[in-house]
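Asks: Next one to model:
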Amino acid sequence: MRKSALALVSVASWLLSASVASAVAPVEDIPISGKKIVVKDNVVAAKRKVAFVSKDQALVADALDPTDNGASFYLVDPSLGQQSSVFDMPASSWESKNGKYVYTDKGLVHGPVKKAKLKDGLLKIVLKGTGIDFPVLGVAPLGEVGGVFTVNTQVGVFNVCFLFPGDDGVVKKDSPVKGVYKAVNAESPDFCPSIIVP
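Replies: Residues are numbered from 1 along each chain as shown. Prediction:
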């Protein structure tokens, strides 16, 4: 009788642990290389632009399906301690097309992310307009620019991240006078860049 009671307690404890574990989605960082990033600041806020492209085999589209819970994206400069707002990319604006996921918000209803494409080995994100709050004009040369693309899937939260220029990349332009930062060919970082958000 005592053994049966202990067994029941053990099973109950295991079930409780399993339910708690399943309720707390694991978080995993996926550092990726960057093919190109361009950040254009402007005194006319509507003319601000950001474009990012990665061609990295670590990008597996179906594992990062954003059509259920959407995604988010933010820019970060660890060297200056600068971070943009977290830009929402809701599930309602994502569509699955022939093995790839496409995000479209031409009217910038949900924020500055205008469009994005995710497929195996490819991630493209384009931002435009007044919602971009990552200053380049009048700021000291940025040096570094990174970003985090976060997807909350059914199996966990994935932070897909990059950092330019890294050791192998090249900064083509870093001008606080013209308000332009451009860098290419960054390898994947050792860990995701982050800044504590107030």
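Asks: How about the spatially most central residue of the chain: what's its closest non-neighbour residue?
Replies: Taking Cα atoms, centre = their mean as the criterion, Phe149 is the residue nearest the geometric centre of the chain, at 1.0 Å. Take Phe149 and drop its neighbours on the chain: the residue closest to it by Cβ to Cβ, 6 or more residues apart in numbering is Val160, 4.4 Å away. Heads up, the C-betas are built off the backbone N, CA and C, glycines and all.
Asks: who touches the spatially closest residue to Thr153 that is not a sequence neighbour in this structure?
Replies: Closest residue to Thr153 in three dimensions, ignoring its sequence neighbours and counting by Cβ to Cβ, 6+ apart: Asp65, at 5.9 Å. Asp65 sits next to 96, 101, 151, 153 when contact means Cβ atoms under 8 Å, 6 or more residues apart in numbering.
Asks: Which one of those sits in the busiest neighbourhood?
Replies: When neighbours are counted by other Cβ atoms under 10 Å, Val151 leads the contacts of Asp65 with 24 neighbours.
Asks: Cross-check the contact I'm expecting between Lys136 and Tyr181.
Replies: Not quite, residue 136 is Val, not Lys. Yes: shown here, Val136 and Tyr181 form a contact pair, counting by Cβ atoms under 8 Å, at 5.5 Å.
Asks: and Val109, how many residues sit next to it?
Replies: 9.
Asks: Please identify which helix or strand holds it.
Replies: Per DSSP states H and E: Val109 is located in neither a helix nor a strand.
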